[in-house]
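In: quick one: sequence plus predicted model below, questions after.
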Amino acid sequence: MNAADPRRWWALIVLAAAQFMVIMDTSIIGVALPDMQRDLGFSQGSLQWVFNAYVIAFGGLLLLGGRLSDLLGARRVFTAGWVILIAGSVVAAAAGNAWVEILGRGIQGVGGALIAPASMTLLMMLFGQNPRELGKAMALYGAAAPAGGTAGVFLGGVITEYLSWPWVFIVYIPIGLATLVAVPRLLPATQGRRGSVDILGAIAVTAGIALAVYAIARAPEQGWGTTVWQAGLALALLVGFLLIQRAVREPLMPLGIWKTPGLATGNIAMALLGAAWIPMWYILNLYLQQVLGYGAFASGAALVPMTIAIMIFMIGITARLLGRFGAKPLIVLGLLVLAAGVLSLSLVRADGSFATDVLPASLVAAVGMSLAYIPAMMSAIGGARPEESGLASGIVNTTYQVGSALGLAVMTAIATSRGAAELGNIPRLTEGFQAAFVGAGVVAALGGVLTLVLMRRPKPVTGEGGQRKRESLAA
């Protein structure tokens, strides 16, 4: 498909829709969680695995997905990702118990890990030769992420309230089939290249992440003795992953990438941002339904102002501020504002209300998230060489997902240990949720402090190259 072919814009719609669906998959299940808990027999502590099974598979396999996209061809991997996502959706929708549901969510995550990097590769193939068109394409593609998060929250409530929770997965099936029909007509065929796949490294990093999350999530029930050895084994797997990366000829993550300016500190910020934001969003869903007694539709609608605020700030305000002030001040401010919002949510009451206990604090948290996310992402990938930008992007997305999973496991363990496991006991539920909000707020504040201390502001760049660099950071 050449640059003048008008089909490239239709192809962009397919790619943006894929990004939309992958992100929506993490948000659409939020308001359905209590219904799934009741029907499938999840405990309060194990319910998080409906979210974490997807996130661990998605985050743990993103680098492998990018490598496969290079070797097998992006269109083939994109297609395979949708086939797997559809299969996972069928399993998740048909689940009759908790373990089958977790399996289906994990399969969905595998599909997402193939779709996301292949989409980016295809987008660069279609628009990479024209910087002006690439900017427009990236803006549309980037806007699909917050749009997916917003739509997921609302649609999850509508579907769960007026149909039933399996439909939050069934909706992916016709969309996925339509995408598969459009792929050969709209997306360019891509040739792979010769090379090896670091399967052992992929297994080590994914198993290490999964075991670390499992150990933390199970800590209140199994005690510290078992938790410590499980965490130790998880650490050994992750160290093994690093050793494998040094030893193999074509690693998933060449360790030299970490010399890229801003990559390490940007990833720290993204990990702690995910570890604060996702637990807040998850616990807030439970508070609205299990304490305030909201139904699925009302709970989804209650979260819409927050998600709309994120979309408005990310698209309309943060990019302009980034071009004017740079990444570091916005990351620090954003994480501290997020901390203020989440800590305000720790004041929720057993007899509280949406207008006073939830809305103001959630909007403050949304502003903080919006200020920090794009600058942290750009800080992590902005210093990478063009040939390493895809790898840097994969690493930072993986870091955010892993931070989200670990943060959710920690905050759920805190909430459970403080009474959130006592369903029906509203005061104890509230006490547990308050403790989780405090924990998430502390994580966000820590992220702001570490960014302030560790992140170096980029040196001023002059000349034509510097102008291009500033324009790319402001885009």
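Out: Now that the structure is in, tell me what you want to look at.
In: wait, what's in contact with Ala269?
Out: Contact criterion CB atoms under 8 Å, 6 or more residues apart in numbering gives 331, 335, 372, 376, 379-380, 447, 450-451, 455 as the residues in contact with Ala269. Just so you know, the C-beta spots here come from the backbone N, C-alpha and C atoms, and that holds for glycine as well.
In: can you tell me which of these are in helices?
Out: When the contacts of Ala269 are checked against helices (DSSP state H), the matches are 331, 335, 372, 376, 379-380, 447, 450-451.
In: spatially nearest residue to the residue most central in space within the chain (excluding sequence neighbours)?
Out: The chain has Gln401 as the residue nearest its centroid, 4.7 Å off, counting by CA atoms, centre = their mean. With CB to CB, 6 or more residues apart in numbering as the criterion, Gln401 has its nearest non-adjacent residue at 2.8 Å, and that residue is Gly59.
In: what's the answer for Ile23, then?
Out: Nearest to Ile23 is Gly148, by CB to CB, 6+ apart, at 3.6 Å.
In: quick one: mean pLDDT over the helix or strand encompassing that neighbour.
Out: Secondary structure assignment for Gly148, by DSSP states H and E: helix 131-162. When the per-residue pLDDT values of helix 131-162 are averaged, the result is 76.
In: what is it packed up against?
Out: For helix 131-162, the elements it packs on are helix 7-27, helix 98-127, helix 167-170, helix 296-313, judged by 3 or more CB pairs under 8 Å, 6 or more residues apart in numbering; DSSP states H and E.
In: tell me the angle the longest one makes with helix 7-27.
Out: Read that as helix 98-127. The directions of helix 98-127 and helix 7-27 differ by 150 degrees, with axes from the mean of the first three to the mean of the last three CA atoms, to 10 degrees as the criterion.
In: and helix 98-127, what does it pack against?
Out: The elements that helix 98-127 packs onto, with contact taken as 3+ CB pairs under 8 Å, 6+ apart, are helix 7-27, helix 33-40, helix 49-72, helix 74-94, helix 131-162, helix 389-415.
In: from the chain's centroid, how far away is it?
Out: For helix 98-127, the distance between its averaged C-alpha position and the chain's averaged C-alpha position is 12 Å (CA atoms, centre = their mean, to the nearest Å).
In: swap in stretch 119-137?
Out: Relative to the mean C-alpha coordinate of its chain, stretch 119-137 is positioned 23 Å out (CA atoms, centre = their mean).
In: buried sites along that stretch?
Out: Neighbour counts using 16 or more other CB atoms under 10 Å place 119-127, 133-134, 137 of stretch 119-137 among the buried residues.
In: how far does it stretch from one end to the other?
Out: The stretch stretch 119-137 measures 12 Å between its terminal residues, going by CA to CA, to the nearest Å.
In: in the stretch 251-400 of the chain, what spans have low per-residue confidence?
Out: Low-confidence segments of the stretch 251-400 of the chain, defined by pLDDT under 70: 386-390.
In: about what we covered before: in CSV: the helices and strands packed on helix 98-127, plus distance to Val248.
Out: Supplementary listing: these in CSV, determined by distance: least, CB to CB, whole Å:
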stretch, distance to Val248
helix 7-27, 28
helix 33-40, 40
helix 49-72, 11
helix 74-94, 21
helix 131-162, 32
helix 389-415, 15
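In: so for Val100, which of these sits nearest?
Out: Ranking the helices and strands packed on helix 98-127 by proximity to Val100 (CB to CB) places helix 74-94 first, at 6.6 Å.
In: state the mean pLDDT of that closest one.
Out: Averaged across helix 74-94, pLDDT comes to 94.
In: next, the buried residues of that helix.
Out: Residues of helix 74-94 classed as buried under the neighbour-count rule (16+ other CB under 10 Å) are 74-82, 84-93.
In: which strands and helices lie in contact with that helix?
Out: Identification of packing neighbours for helix 74-94 by 3+ CB pairs under 8 Å, 6+ apart yields helix 7-27, helix 49-72, helix 98-127, helix 167-170, helix 172-186.
In: sorry, back to before: may I see the ones in helices among the contacts of Ala269 organised as TSV, with neighbour count added?
Out: Converted to TSV, the ones in helices among the contacts of Ala269 look like this (neighbours: other CB atoms under 10 Å):
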residue	neighbour count
Ile331	32
Leu335	30
Ala372	31
Ala376	33
Ser379	29
Ala380	27
Gly447	29
Leu450	17
Thr451	29
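In: re earlier: ok, now which ones touch the residue nearest to the centre of the chain?
Out: The contact partners of Gln401, taken as CB under 8 Å, 6+ apart, are 55-56, 58-60, 62, 274.
In: what is the nearest of the residues you listed to Val239?
Out: When these are compared for distance to Val239 (CB to CB), Gly60 wins out at 15.7 Å.
In: I figured that closest one was touching Thr398, is that so?
Out: Yes. With contacts counted by CB atoms under 8 Å, Gly60 reaches Thr398, the gap being 7.3 Å.
In: SS state for the residue nearest to Gly383 when sequence neighbours are not counted?
Out: When the adjacent residues along the chain are set aside, Gly383 lies closest to Pro261, with 3.8 Å between them (CB to CB, 6+ apart). Recorded secondary structure, Pro261: coil (DSSP: H, G, I helix; E, B strand; the rest coil).
In: so Pro261 makes contact with Arg385?
Out: No. Shown here, Pro261 and Arg385 do not form a contact pair, counting by CB under 8 Å, at 10.9 Å.
In: before we move on, back to that, and the residue nearest to the centre of the chain, how far from Asn285?
Out: From Gln401 across to Asn285, the span is 19 Å (CB to CB, to the nearest Å).
In: distance to Ala355 added to the contacts of Ala269, as JSON lines?
Out: Below are these laid out as JSON lines (distance: CB to CB, whole Å):
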{"residue": "Ile331", "distance to Ala355": "31"}
{"residue": "Leu335", "distance to Ala355": "27"}
{"residue": "Ala372", "distance to Ala355": "26"}
{"residue": "Ala376", "distance to Ala355": "31"}
{"residue": "Ser379", "distance to Ala355": "36"}
{"residue": "Ala380", "distance to Ala355": "38"}
{"residue": "Gly447", "distance to Ala355": "29"}
{"residue": "Leu450", "distance to Ala355": "35"}
{"residue": "Thr451", "distance to Ala355": "33"}
{"residue": "Met455", "distance to Ala355": "37"}
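In: contact partners for Gly66?
Out: Gly66 makes contact with 117, 121, 390-391, 394, according to CB under 8 Å, 6+ apart.
In: go with 10 Å
Out: By CB atoms under 10 Å, 6 or more residues apart in numbering, the contact set of Gly66 is 74, 77, 113-114, 116-118, 120-121, 252-253, 390-391, 393-395, 397-398.
In: swap in Phe154?
Out: Counting by CB under 10 Å, 6+ apart, Phe154 touches 27-28, 31, 297, 300-301, 303-304, 307-308.
In: for these, which one is nearest Arg428?
Out: Checking these against Arg428 with CB to CB, the nearest one is Val31 at 22.4 Å.
In: so that closest one is in contact with Gly295, correct?
Out: Yes. The pair Val31 and Gly295 qualifies as a contact (CB atoms under 10 Å) at a distance of 8.9 Å.
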